[in-house]
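Q: Take a look and give me a structure for this.
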Amino acid sequence: MRKNQRSIIKQGATSNGQGTEDNQHPPTSIQYRASSIQYPILFVGAGPGDPDLITVKGKKALEDADVIVYAGSLVPHAVLKWAAPDAVKIDSASLALEEIITRICQAHEEGKRVVRLHSGDPSLYGAIQEQIAELEKRFVPYEIIPGVTAAFAAAAAMGQEYTLPEIAQSLIFTRMTGRTKVPEAESLESLAAHKTSMVVYLSISMIDEVSKLLAKSYGDNAPVVIAYRVSQPDQKIIHARIKNLPEVVQREGITRQALIIVGRVLEVKGAGLEQRSKLYDKGFSHSFRK
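A: Okay, here's the model as predicted:
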């Protein structure tokens, strides 16, 4: 075990049937086996790719981990630089759910610290709920450490705010329906009708259809951004018009790991910004400014 490992959580049956808790860690809904002294599984968001964009808490989890099960198809190997040299690293890209859970639970039973490393933030297209369900069936405790999703890294790279006063105050994350079906009420066409800021994930391979659906609401000539492998060495931030999307994507050879970003906020840059928030308006009083 690592010298800098944190104190473990221990929760077992007592004479009055109540669980016990060490070191003031918050209890989870999971009930431990009475004799267990095991670490919770840590679901960690790796961020968009730049290893320095992982959270401090996520970095510490990797440094402490004995076993790291990472999504190798999406998590750049560079992020694993925070892991200890002797940590066991398992690429889950070729593994089915059952195989992943088996390896995680085996390491957990052996008293090892296990990190399940996901790209971006685990809560967004991370498929963690099905893993959590399996852990709960086995009474295995877990915690989640959030991460930076690619949409926010893209906004930083563009120098762009998604929510501008009187222009857009909502941000939609969505995807095209494919082998993973999207509920009918959440179709890209119906969401685009709101004409607010929108980031489309996991849909670059269907760019022809995406561009047609976006054009219906935003217009053919509306600005759009393709954000490819954001924060990584080969990052590309490509500005285009909706009508040119298929051509641009084909020319750049982009087939995966790209976001499609659209909305009126892309039309406003620098001196073109007329609407300002009330937050810093000297004529707007609040509890911190009279």
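Q: measure the spatially most central residue of the chain to Ala153 for me?
A: The geometric centre of the chain, computed from its C-alpha atoms, lies nearest to Asp121 (CA atoms, centre = their mean), at 2.0 Å. Here Asp121 is placed at a distance of 11 Å from Ala153 (CB to CB, to the nearest Å). To be clear about C-beta, it is placed using only N, CA and C from the backbone, and glycine gets the same treatment.
Q: what's the answer for Arg256, then?
A: 17 Å.
Q: Equivalent analysis for Gly45, please.
A: 12 Å.
Q: These two: which has the busier surroundings?
A: Legend: neighbour count by other CB atoms under 10 Å for Gly45 and Ala153, higher for Gly45 (27 against 22).
Q: you'd agree that one is up against Asp121?
A: Yes. Contact criterion CB atoms under 8 Å: Gly45 and Asp121 qualify, at 4.5 Å.
Q: what do the two both touch?
A: Pro146, Gly147, Val148, Thr149 (CB atoms under 8 Å, 6 or more residues apart in numbering).
Q: What's the end-to-end length of stretch 75-95?
A: Chord length of stretch 75-95, first to last residue, is 15 Å (CA to CA, to the nearest Å).
Q: got a list of contacts for it?
A: With CB under 8 Å, 6+ apart, stretch 75-95 has contacts from 2, 46-47, 49-51, 54, 59, 62-73, 100, 103, 107, 117-119, 232.
Q: Now which of these would you call buried?
A: 46-47, 49-51, 54, 59, 62, 64-72, 100, 103, 107, 117-119, 232 (16 or more other CB atoms under 10 Å).
Q: Let me see the domain layout of the chain.
A: Under the assignment automatic domain parsing, the domains of the chain span 41-145, 150-270.
Q: contacting residues for Glu267?
A: Listed by CB under 8 Å, 6+ apart, the contact partners of Glu267 are Ala222, Pro223.
Q: same thing with Val262?
A: Going by CB under 8 Å, 6+ apart, the list of residues near Val262 reads Ala192, Ser197, Met198, Val200, Leu214, Tyr218, Ala222, Pro223, Val224, Val225, Ile242.
Q: Of all pairs in those residues, which one spans the longest distance?
A: Ala192 and Val225 (15.3 Å; CB to CB).
Q: Spell out, range by range, the strands that occur in the stretch 51-200 of the chain.
A: Using DSSP state E, counting those that start in this stretch, the strands of the stretch 51-200 of the chain run over 67-70, 88-91, 114-118, 142-145, 171-175, 197-201.
Q: Which one, of these, ends up nearest to Pro246?
A: In terms of CB to CB, the element of those nearest to Pro246 is strand 197-201, at 14.1 Å.
Q: what's downstream of the closest one, the next helix or strand?
A: helix 207-218 (DSSP states H and E).
Q: That next one to strand 171-175, inter-axis angle?
A: In terms of direction (axes from the mean of the first three to the mean of the last three CA atoms, to 10 degrees), helix 207-218 departs from strand 171-175 by 150 degrees.
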